[in-house]
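Undergrad: pasting the structure only:
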């Protein structure tokens, strides 16, 4: 046996969409009910575990054999579920792998487990089995009856004396037979996808990266459950207090009702169509009490901090570690990770100066003290979300990230020498950019320092072809300039960065030529090739970005544009329009991702527990050196000769933003 395709049906009292597979499997009520397998792409065999079937030894031993390829769609689910199954049912066969020098984990080694979903993502295809099959127009499709059957057999129909009760096969024999057919057909659909995509196999080096990703997800990151539970209690108290005050000021029955509050505001002479954050802030510009106080209370009540704490409470396993938060290739157009469950990628920042004191005040449930010293309780809880992630006792966090990684990468690819010189000299890139744009020295908090903000907004907005709209989105409104003045800053930025603007249109030309002529083109060390209705952009690392079914179309201005099929903003498989600067954004972010991956691999002997954008979190022995970690991250791979990297970091007893 060389390969085995697997699909499982399981049951648990926990909602996997909210807690993730690790906490789902951690439940005492978890069980595998059906298992379908196909060995070496042969006929599908089904094992009805709920009715006493036994999986053959040949298959059981294959699950722990790293030399045999195990495949599934979202293979992390199968690997984690089968880890629990083997650990409990076949302890003589189960072999957990070492997750650090001292610990053998509870999960099967990820080596040898390959994911059809990841294969789809590397080719720009959808991330669900049904959507991928539809996009590929396969005959073997996922059975539509599956969702209803999962609700019937996999989710408790009621709880009795605290024990969840599930429907058994005998409760609905016909449904069970259909469920078995559904389980088998999933394997057949996965095999069909594997066959269709076999022309473009995932390179071995990508699977090596995936294995490291799975190790990090298996480790998880420890959650301070005392802080989480205290924060939830205080949040409930705060909302009750704020709601009572709103009722007193307005006289309305339900202060959380948008309709009732809009009606009250209209009666006070303040009309609005909605009460989102932007609308409330706009009303506050002219509001007088009591409307002003009510709107401020509305903003305080709208803080979403409790949702993150609830997610932590739901996702934490019995050892208080939250796992499975990083989705490999989740952003398929760049290969970057996407956040899952708690979503570390969008945590609120913390600006409280006495963070430790504030954290302890909340942790020990001192509501009156929090209200007295920090006034806005929901905002305080929001700023403390990061601090709920902690290292295990006796360890520390080392947090390190790349400095201005995208600005460094785009300057390197484009050959914008003055920018690379600024980085080499340790200059502030916002000051350097403003100086180049306006032709005068710019020093932070010094000579012409007021121009730095213009340089900063331009740097954030203009690198990928952004204009006035991008300037406003990146903070240009705070400059109090007209659209014409903002447009002049855009023009100044582009004039100061001619090699970057040339890169945009060189990439645009290379992409169009590759598609039109169905050929291979090159520019700026990048390769663009058209094969079998796929556009591949080969990055310096050797990794490909992929765009499915590219075509030359017409944009809104009547000019040529490139379109391709992808999952768009609507979350649907649809045709997406792109052009040179947007492709450059994908390229730069893809290279930044490869640089982070290279650092993670070189530091894989460290206990990496998380990564957010261009930042890495290590649960470190107290003897580990922060400068050595930053020095290692600043080293460039052989394929990035001439690129200057810098990493900065800090040590902490709980996660925070430095």
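TA: Perfect, thanks for sending it. Not measured: the values here are computed from a predicted model.

Undergrad: state which strand of the chain is the longest.
TA: strand 544-554 (DSSP state E).

Undergrad: what comes into contact with it?
TA: 122-125, 135, 200, 333-335, 511-512, 515-516, 530, 533-539, 560-566, 575, 577-578, 586-587, 590 (CB atoms under 8 Å, 6 or more residues apart in numbering). Backbone N, C-alpha and C define where each C-beta goes, glycine included.

Undergrad: next helix or strand past that strand?
TA: Next in sequence after strand 544-554, counting helices and strands by DSSP states H and E, comes strand 560-567.

Undergrad: show me the contact partners of that next one.
TA: With CB under 8 Å, 6+ apart, strand 560-567 has contacts from 124, 126-127, 131, 135, 332-333, 508, 511-512, 515, 535, 547-555, 573-579, 583.

Undergrad: centre of the chain to it, how far?
TA: 23 Å (CA atoms, centre = their mean, to the nearest Å).

Undergrad: do the same with stretch 68-81
TA: Worked out by CA atoms, centre = their mean, stretch 68-81 lies 20 Å from the chain centre.

Undergrad: now do it: distance from first to last residue.
TA: The first and last residues of stretch 68-81 sit 18 Å apart, counting by CA to CA, to the nearest Å.

Undergrad: thinking again about what came up before, can you say which of the contacts of strand 544-554 are buried?
TA: 122-125, 135, 200, 333-335, 511-512, 515, 530, 534-539, 561-566, 578, 586-587, 590 (16 or more other CB atoms under 10 Å).

Undergrad: those residues in helices, which ones?
TA: 122, 135, 511-512, 515, 586-587, 590 (DSSP state H).

Undergrad: check what pLDDT the residue at the greatest distance from the centre of the chain gets.
TA: For the chain, the largest distance from the centre (CA atoms, centre = their mean) belongs to residue 267, which lies 43.7 Å off. Residue 267 carries a pLDDT value of 89.

Undergrad: roughly how far does it sit from residue 251?
TA: 10 Å (CB to CB, to the nearest Å).

Undergrad: how about residue 621?
TA: Taking CB to CB, one finds residue 621 at 60 Å from residue 251.

Undergrad: who touches the host helix or strand of residue 407?
TA: Using DSSP H and E, residue 407 falls within helix 405-414. The contact list for helix 405-414 (CB under 8 Å, 6+ apart) reads 402, 416, 419-420, 423, 429, 459, 463, 497, 499-500, 502-503, 524-526, 584, 587-589, 591-592, 595, 614, 640, 642-646.

Undergrad: and those, which of them are in strands?
TA: 402, 526.

Undergrad: quick one: which of the contacts of helix 405-414 sit in helices?
TA: Those of the contacts of helix 405-414 lying in helices (DSSP H): 419-420, 423, 429, 459, 499-500, 502-503, 584, 587-589, 591-592, 595.

Undergrad: looking at neighbours, which among the residues you listed is most surrounded?
TA: The most crowded member of these, judged by other CB atoms under 10 Å, is residue 591 (28 neighbours).

Undergrad: let's see the pLDDT reported for it.
TA: 98.

Undergrad: just the one 3 residues further on next, same as before
TA: Among the per-residue scores, residue 594 holds a pLDDT of 98.

Undergrad: quick one: low-confidence parts of the stretch 51-200 of the chain?
TA: 101-104 (pLDDT under 70).

Undergrad: parallel or antiparallel, list what pairs with the helix or strand hosting residue 399.
TA: Following DSSP H and E, one finds residue 399 within strand 395-402. Strand pairing for strand 395-402, determined by DSSP bridges: strand 615-621 (antiparallel), strand 647-652 (antiparallel).

Undergrad: what about the helices in the stretch 51-200 of the chain?
TA: Assigned by DSSP state H, counting those that start in this stretch, the helices in the stretch 51-200 of the chain fall at 57-63, 75-89, 116-122, 129-135, 146-153, 173-197.

Undergrad: sorry, back to before: show me which of residue 621 and residue 251 is the more surrounded one.
TA: Ranked by neighbour count (other CB under 10 Å), residue 621 and residue 251 place residue 621 first, with 15 against 9.

Undergrad: report how many residues lie close to residue 37.
TA: 23.

Undergrad: in three-state terms, label it for me.
TA: Recorded secondary structure, residue 37: strand (DSSP: H, G, I helix; E, B strand; the rest coil).

Undergrad: in contact with it, which residues?
TA: Residues counted as contacts of residue 37 (CB under 8 Å, 6+ apart) are 4-7, 44-45, 47, 59, 187.

Undergrad: which among these end up buried?
TA: 4-7, 44, 47, 59, 187.

Undergrad: put together a markdown table for these, with secondary structure on each row.
TA: Formatted as a markdown table, the buried ones among the contacts of residue 37 follow (three-state DSSP):
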| residue | secondary structure |
| --- | --- |
| 4 | strand |
| 5 | strand |
| 6 | strand |
| 7 | strand |
| 44 | strand |
| 47 | strand |
| 59 | helix |
| 187 | helix |
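
Undergrad: out of these, which is nearest to residue 246?
TA: Nearest to residue 246 among these, counting by CB to CB, is residue 7 at 51.0 Å.

Undergrad: what number of residues lie near the spatially closest residue to the closest one that is not a sequence neighbour?
TA: Counting by CB to CB, 6 or more residues apart in numbering, residue 186 is the residue found nearest to residue 7 once chain neighbours are left out, at 4.3 Å. Residues contacting residue 186 under the criterion other CB under 10 Å number 26.

Undergrad: going forward, begin numbering at 37 instead of 1
TA: Okay, residue one is now 37; in that scheme the one you just asked about reads as residue 222.

Undergrad: against residue 185, how distant is residue 222?
TA: For residue 222, the distance to residue 185 - CB to CB - is 12 Å.

Undergrad: skipping its backbone neighbours, what lies nearest residue 87 in space?
TA: Nearest to residue 87 is residue 205, by CB to CB, 6+ apart, at 5.9 Å.

Undergrad: from residue 435, how far out is that neighbour?
TA: 50 Å.

Undergrad: the two: who's more crowded?
TA: Applying other CB under 10 Å to residue 205 and residue 435 shows that residue 435 carries more neighbours, namely 23 against 17.

Undergrad: and the chain, what are its domains?
TA: 39-238, 261-424, 431-440+627-688, 453-532 (automatic domain parsing).

Undergrad: tabulate those domains in TSV, adding columns for distance to residue 244.
TA: Shown next, in TSV, are those (distance: least, CB to CB, whole Å):
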stretch	distance to residue 244
domain 39-238	9
domain 261-424	12
domain 431-440+627-688	8
domain 453-532	30
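
Undergrad: tell me the contacts of residue 361?
TA: Applying CB under 8 Å, 6+ apart, we find residue 361 in contact with 56, 253, 256-257, 351, 375-380, 646.

Undergrad: next one: it from residue 425, what distance?
TA: Distance from residue 361 to residue 425, by CB to CB: 10 Å.

Undergrad: shared neighbours, those two?
TA: Residues touching both residue 361 and residue 425 by CB under 8 Å, 6+ apart: 257, 646.

Undergrad: the strand holding residue 435 vs helix 441-450, what angle?
TA: 40 degrees (axes from the mean of the first three to the mean of the last three CA atoms, to 10 degrees).

Undergrad: need the residues that contact strand 431-438.
TA: Here strand 431-438 has contacts from 426-427, 444, 628, 631-632, 643, 649-658, 660, 662, 665-666, 669, 681-691, 694, using CB under 8 Å, 6+ apart.

Undergrad: ok, now stretch 160-179?
TA: 109, 152-153, 156-157, 217-218, 221-222, 224-229, 232, 366, 368-369, 570, 582-584, 600-603, 609.
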